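**Q** okay, here's the prediction I keep looking at, along with the sequence it came from:
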Amino acid sequence: MKFFKAALIIIAVCTATSVFAQTSDELKRRKNKLTEELQQLNREYEETASNKKVSVRQLNNLKIQINLRQEKIANINSEVRNLDNQISESNNTVHNLQSQLDQLKKEYAGMVLFAYRNQSAYNKLMFIFASKDFNQAYRRLKYLQQFGTYRERQAGYIQGTQKELHVKINELDKDKKEKSNLLTEQEKERTELGKAKSNQVKVITDLSKHQGELKKQQKDVQQKIAKTNREINNAIRREIEEMRRKAEEEARRRAEEAARIAAAKAKADAANNNAPAPVVIKKPVVIKRATDSEALNATPEAAKLSNDFLGNRGRLPWPVASGQLIHGFGTYVEDGIRNDNNGYEIRAAAGAPVRAVFEGTVKMVKDISGTYLVIINHGEYFTSYSNLRSVNVSVGQKVGTKQTIGAVATDQISGESSVNFILNKGTTFVDPRVWLAPAN
């Protein structure tokens, strides 16, 4: 029974360790990814810092570094908390196993003493013959037969418990060492975070001396964003009107064909009944104006594409294979200036491939102030990709999911390499967060 309890303790600890390991692995993967991103940012910052002229790109780089270092510190905190839980569980397990081992050894010592006192055949026979009746004598005989086997089994339990205790003590030492390393790494990150914040203050101070130039740059950026949004709205509106026109033409054709068939049938019926041919009064065909959604889903192909796109909500790939979100959907304030973002601004390496997030048809490729805008139709949905330095698709071309459509450009104003991704349902801008797959 005592061994059974010890086994339950070991199983419980192994289960807890498995859950811990899974969470720990996820945290380690995320920490490694953050470390890689920070190393890349450091390299880029050193390149820009080598120029004596302070740039907005340096400031943006430092802002991203600060955010990533704060996330990495929080990640390490989570790892430390997990290790604290693991260490606490291991301490309890070691204590329980030690108590179990002590009890097993005590019981085993009693058995050894009993065996020593009854080691002669005479004593064993006297033990059996001292029985009150035959049944008691039989039970004592069976007891003596099983006693040796049980003692061997108890010795095995002791060895197994000792081995498990040794393993748990080693794991405990390993966890304590890992925790110490994490705390050292965390302190290092806090130091680097402090340096980044100090550099940020310095860069802001230097940039404040060129406020006029910066305001002009920011105004140019806002104008480019506004122009991109207008182009997207206009392109989608044109597509809706074209699809509505085609839908109304098809509805009118069907109505006129139905009227023609009805008139021919009426004329034939009159002829069969020797009656005068009916007078056909041509009435103008009135077609109900289709809504935007009806127009965009007018054909079976478009309706299926819309439904497939909707079915992949939350699973669409990111427009770049590797990147960091700079600004999400909605309003944000940066350097005291209020900005409205209709999509995602994603930082990526200069020249990185930009890919379609779903199959569809290219509806626009246009140069916007020196970089390209690509709009792809997915039935009722549209995705837009701007700030591309080059494109390799054309209007009317069908593209597949993850097909490369262009390359990331480096903005000449901010010095930032990024792609702007916008998602529309009809003319309505929607938050990509609920559509794109979670970032790794």
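**A** Looks like it came in fine. Numbers count the residues shown, from 1 in each chain.

**Q** isn't residue 175 right next to residue 82, touching?
**A** No - using Cβ atoms under 8 Å as the test, residue 175 is too far from residue 82 to be in contact (9.5 Å). The way it works is simple: take the backbone N, C-alpha and C, and place the C-beta from them, glycine included.

**Q** now do residue 1, the pLDDT please.
**A** Per-residue pLDDT puts residue 1 at 44.

**Q** try residue 128
**A** 55.

**Q** what does residue 301 give?
**A** 91.

**Q** residue 254: what's it in contact with?
**A** Applying Cβ atoms under 8 Å, 6 or more residues apart in numbering to residue 254 gives no contacts.

**Q** helix, strand, or coil at it?
**A** Here residue 254 is recorded as helix under DSSP: H, G, I helix; E, B strand; the rest coil.

**Q** what do you get for residue 362?
**A** Strictly by three-state DSSP, residue 362 counts as strand.

**Q** dump the residue contacts of it.
**A** Residue 362 touches 374-377, 393-399, 405, counting by Cβ under 8 Å, 6+ apart.

**Q** okay, those in a markdown table with distance to residue 313, pLDDT and neighbour count next?
**A** Supplementary listing: those in a markdown table, determined by distance: Cβ to Cβ, whole Å; pLDDT from 0 to 100; neighbours: other Cβ atoms under 10 Å:
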| residue | distance to residue 313 | pLDDT | neighbour count |
| --- | --- | --- | --- |
| 374 | 22 | 94 | 24 |
| 375 | 20 | 94 | 24 |
| 376 | 17 | 95 | 24 |
| 377 | 17 | 94 | 21 |
| 393 | 24 | 93 | 17 |
| 394 | 28 | 93 | 9 |
| 395 | 27 | 92 | 12 |
| 396 | 27 | 92 | 9 |
| 397 | 25 | 94 | 15 |
| 398 | 22 | 94 | 11 |
| 399 | 20 | 94 | 18 |
| 405 | 21 | 94 | 23 |
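
**Q** list just the nearest of those residues to residue 39.
**A** Of all the contacts of residue 362, residue 39 sits closest to residue 405, with 28.9 Å by Cβ to Cβ.

**Q** what's the closest non-adjacent residue to that closest one?
**A** residue 393 (4.8 Å; Cβ to Cβ, 6 or more residues apart in numbering).

**Q** and residue 377, backbone torsions?
**A** Residue 377 adopts backbone torsions of phi -100, psi 140, taken as degrees, to the nearest 10.

**Q** isn't it right next to residue 359, touching?
**A** No - under the criterion of Cβ under 8 Å, residue 377 makes no contact with residue 359, lying 10.4 Å away.

**Q** run through the stretch 101-250 of the chain and note the low-pLDDT ranges.
**A** Where the stretch 101-250 of the chain drops to pLDDT under 70, the residues are 101, 104, 107-132, 134, 137-138, 140-158, 161, 165, 207-218.

**Q** okay, helices next: where are they in it?
**A** Assigned by DSSP state H, counting those that start in this stretch, the stretch 101-250 of the chain shows helices spanning 121-129, 134-208, 211-272.

**Q** ok, the contacts of residue 362 vs residue 303, which is closest?
**A** residue 377 (13.1 Å).
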